[in-house]
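*Asks:* Prediction below, plus the sequence it came from.
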Amino acid sequence: MIIINREDFPILKNDIIYFDNGATTLKPKCVVEAMNDYYYNYGANIHRGDYKISLKASEEYEKVRDKVKDFINAKSSKEIVFTSGATDSLNKIVFGFMKYYLNENDEVLITKSEHASNVLPWFELAKEKNLKIKYIPLNENHEVTIDNLEKAITKNTKVISIASITNVVGDVRDISSISKIAHQHNILLVIDGSQSVPHTKTDVIKDDIDFLIFAGHKMLGPTGVGVLYAKSEYLEKMNPIEYGGGMNQYFEETGEVEYKSIPTRFEAGTPPIAEVIGLGAAIDYLQSIGMDKISEYEKELKGYLVSKLEKNKKVIMYNKSQNSGILAFNLEGIFSQDTAIYLDHYNICVRAGNHCAKILKDEINIKNTCRISLYFYNTKEEIDKLVEVLEKSDDLFKIIL
Amino acid sequence: MDTELKREIILDNYNNPYHKGLKNEEGYKKANTNNESCIDNIDIELKIEDGIVVDANFDGEACAISTSATSIFLRKIIGKSVSEVQDLIENYENLIDEQEYDEEKLGELMAYDTIYMQPNRKHCALLPVDTIKKILKEENSGANRTN
């Protein structure tokens, strides 16, 4: 049943039940060890020294680029830019590419269930360039339908920027069909893969994705590293938004500058070398299990969770039909934060709040929820414990006050 | 105050808060506090006449600690002068921060005397005073302007 050795995750020894994987994931030993190995044994800067440990650091760093390329099935490693995270990746796309690509009155389509990082950069650019940010209407299950997407497209629509799986509703979007429609209308497609790349097989060629972003720490990797994928034709046209060492070829006192080729052009300064190497180990770990096996297992867990919670009349679920490992719920009459604090008393980690999707409140008419987001190291036994604790929650205030 | 009584005070004020619902009428000054470290979000409005709080109301979505503390606080300050309210705020902040305070002045607010044991909940307990302070500050600067 369990598809991994839970001992790979040292933190699980502390008897915690970790259900906040949408926020960040736990780290297996191999990831931390890969980073330690860099710091202890070849902790030099990359692309600089003519000495062995620097060459080794450069080599290990670049190897991860190849691993990411294979992991998302990109055509070339040149299409992979390392960033500080998903937010950084989106900002680079919006302010380094879209700022020059888009013109006044052009329209960008997003949805109300996007994470703040896929909303606020667009708001800022819209102010600067007088663009229109429009929302693809969601259906009664808060999903994007092809019909609604087609209706939302106008002759001015130039970009669709959406998550492939959203972080509160957890709806899995049909990126392949969305991409076909986008490209029929000459629309660029930006995909926020933060909640999908760690959980399902990603194929940027099959789905014909123009831009894809995701974070290392949501897929077993360290914090401080993310990925920006763009088709090379777009990456060639993208401007750096950070300038400095590592990204220039030469510069003269007259101000004459030549920047390096892609993707190094976008990695100014010393990059998060240890973190990139850690991400590489995380990808190896995920590949060793297999992404199909991971998504299959998570679906099974989610089904189990919903079937168990359905028996508890006090539990209100907002997205039980969604096909991802995310469940938003509340206990009837209890503020979500109080529920989260109650669960913490039993070492069960869930998140309460709006989950950085503040405009979603207009859609589900509820501002705050508790969110359970599963990963492949979670088990049915852990779900049983959660169900049991929610079952006896009549004494919730006795516990938390 | 024993734990059972504290819990009863908190739950009573959470389940049936006093002064819930804003009037939004002329003469009221309003402020919002959106707890930066969690998700509580409340509005408080005060009506101050001749230096006395004559009415106080609140609205919003917040946890049991924030909601109950707001309810108790508003109930206590109606009829008090601005300087008395400031004194109460000071005593209450001292209680939450484990400093010297006057137990008699605090009354039911003593229900929060062990909040310091849960540091992440201190800001929940302080939410009403943070909001009231904003209104008093504005009231003060307004008074200065007219003077």
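*Replies:* Structure received.

*Asks:* Follow the chain on from the helix or strand containing residue A:61 and name the next helix or strand.
*Replies:* Secondary-structure element containing residue A:61, defined by DSSP states H and E: helix A:52-72. Going down the chain from helix A:52-72, the next helix or strand is strand A:80-83, by DSSP H and E.

*Asks:* circling back to that earlier point, the helix holding residue A:61 packs against which elements?
*Replies:* Helices and strands touching helix A:52-72, as assessed by 3 or more C-beta pairs under 8 Å, 6 or more residues apart in numbering or on different chains; DSSP states H and E, comprise helix A:29-41, strand A:80-83, strand A:226-230, helix A:273-289. Heads up, the C-betas are built off the backbone N, CA and C, glycines and all.

*Asks:* Could you give the separation of the longest one from the chain centroid?
*Replies:* When C-alpha coordinates are averaged (C-alpha atoms, centre = their mean, to the nearest Å), helix A:273-289 and its chain have centres 15 Å apart.

*Asks:* Show me which residues of that helix are buried.
*Replies:* The neighbour-count check on helix A:273-289 (16 or more other C-beta atoms under 10 Å in any protein chain shown) flags A:273-286 as buried.

*Asks:* Go through those residues and name the one nearest chain B.
*Replies:* When the buried residues of helix A:273-289 are compared for distance to chain B (C-beta to the nearest C-beta), residue A:275 wins out at 26.1 Å.

*Asks:* Distance of that closest one relative to residue A:3?
*Replies:* 26 Å (C-beta to C-beta, to the nearest Å).

*Asks:* In terms of helices and strands, where is the residue most central in space within chain B?
*Replies:* What sits nearest the mean C-alpha location of chain B, by C-alpha atoms, centre = their mean, is residue B:128, with 3.3 Å. Remark: residue B:128 resides in helix B:122-146, with elements defined by DSSP H and E.

*Asks:* Mind listing residues that contact stretch A:98-111?
*Replies:* With C-beta atoms under 8 Å, 6 or more residues apart in numbering or on different chains as the test, stretch A:98-111 has contacts from A:118-119, A:122, A:125-126, A:128-136, A:138, A:144, A:149, A:152-154, A:156-162, A:166, A:187-188, A:237, A:239.

*Asks:* no no, stretch B:78-95
*Replies:* B:19, B:48, B:51-56, B:73, B:76-77, B:99-102, B:105-106, B:109-110, B:112-113, B:126, B:129, B:132-133, B:136, B:139.

*Asks:* Which ones among the residues you listed map onto helices?
*Replies:* Here DSSP state H is the test, and the contacts of stretch B:78-95 give B:73, B:76, B:77, B:105, B:106, B:126, B:129, B:132, B:133, B:136, B:139 as lying in helices.

*Asks:* Assign a three-state SS to the closest residue to residue A:249 other than its chain neighbours, would you?
*Replies:* The spatial neighbour of residue A:249 that comes closest, neighbours along the chain excluded (C-beta to C-beta, 6 or more residues apart in numbering or on different chains), is residue A:258 at 4.1 Å. Secondary structure for residue A:258, judged by DSSP: H, G, I helix; E, B strand; the rest coil, is strand.

*Asks:* If residue A:258 is in a bridge, with which residues?
*Replies:* As for beta bridges, residue A:258 partners with residue A:250 under DSSP bridges.

*Asks:* so it sits right up against residue A:248, yeah?
*Replies:* Yes. The pair residue A:258 / residue A:248 is scored as a contact, 6.9 Å apart, by C-beta atoms under 8 Å.

*Asks:* So for these two, which sits in the more crowded spot?
*Replies:* Looking at residue A:258 and residue A:248 with other C-beta atoms under 10 Å in any protein chain shown, you find the greater number of neighbours at residue A:248, namely 16 against 9.
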